[in-house]
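> Need coordinates for the following:
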Amino acid sequence: MGLFSFVKEAGEKLFGGKEAHAAAPAQAPAAAPTAAAPSQEELNARAAQAIENYIASQKLGVSDVKVKFEGPEGKVTVTGTAPDQATKEKVTLCCGNVASVTSVDNQMAVTNPEPEAQYHDVVRGDTLSAIAKKYYGDANKYPVIFEANKPMLTHPDKIYPGQKLRIPPLAK
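Sure thing, here's the model as predicted:
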């Protein structure tokens, strides 16, 4: 499937900015002792867990999902097993349409392989109808794109610039 790029500033806010960046430099000693700042490794583990929880909340039917997050680079690597190609692609979107994520390497196995979808990066002014017209030649095919991106999309009008959408091939 390859490495997919995403817009770092766009997407679900699953974790604070601190999880995505290096730990802040040490401050000057204060009068009262303070807790040590979490290490980059701890921040990465928290971010990876937040993404795993988000994938689980979508109830996609995947198994053995493991997420690795590299905060300074904003890279997510995901492994596990998906029942089909469409579900694997939805996991890619779950990982990538998250603020602070810039790329996703989806290494999941697929139980029932099928052709890969295309992807579309939403820009200002896009609608699902306009996207359907571009890829399918028919604006009325927007429900195909909406269904292909559920449950991450909850309404056809709730898309945003920087979001990446699956554009599946039309059924013959």
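> Kindly export the top strand by length along the chain (C-alpha atoms) in CSV.
Counting residues, the longest strand found in the chain (DSSP state E) is strand 75-84. What follows is strand 75-84, C-alpha atoms only, in CSV (Å, rounded to 0.1, in the frame of the first residue of the first chain):
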residue,chain,number,x,y,z
LYS,A,75,4.9,9.2,11.3
VAL,A,76,2.5,6.3,12.2
THR,A,77,3.3,2.7,11.4
VAL,A,78,0.3,0.3,11.9
THR,A,79,0.3,-3.5,11.8
GLY,A,80,-2.4,-6.1,12.3
THR,A,81,-5.0,-7.9,10.2
ALA,A,82,-7.9,-6.4,8.2
PRO,A,83,-10.7,-8.5,6.8
ASP,A,84,-10.6,-6.7,3.4
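> Let me see the mean pLDDT of the following helix or strand past it.
Next helix or strand after strand 75-84 toward the C-terminus (DSSP states H and E): helix 85-96. Across helix 85-96, the average pLDDT comes to 94.
> which other helices and strands contact helix 85-96?
helix 40-57, strand 75-84, strand 103-106, strand 109-112, strand 164-167 (3 or more CB pairs under 8 Å, 6 or more residues apart in numbering; DSSP states H and E). Glycine gets a C-beta too; all of them are placed from N, C-alpha and C.
> same thing but at 6 Å, please
helix 40-57, strand 75-84, strand 103-106 (3 or more CB pairs under 6 Å, 6 or more residues apart in numbering; DSSP states H and E).
> what does that helix contact?
With contact meaning CB atoms under 6 Å, 6 or more residues apart in numbering, helix 85-96 is reached by 4, 6, 51, 54-55, 58, 60, 76, 78, 82, 104, 106, 108, 110, 114, 117, 152, 164, 166.
> What are the buried residues along it?
Judged by neighbour count using 16 or more other CB atoms under 10 Å, the buried positions of helix 85-96 are Gln85, Ala86, Thr87, Lys88, Glu89, Lys90, Val91, Thr92, Leu93, Cys94, Cys95, Gly96.
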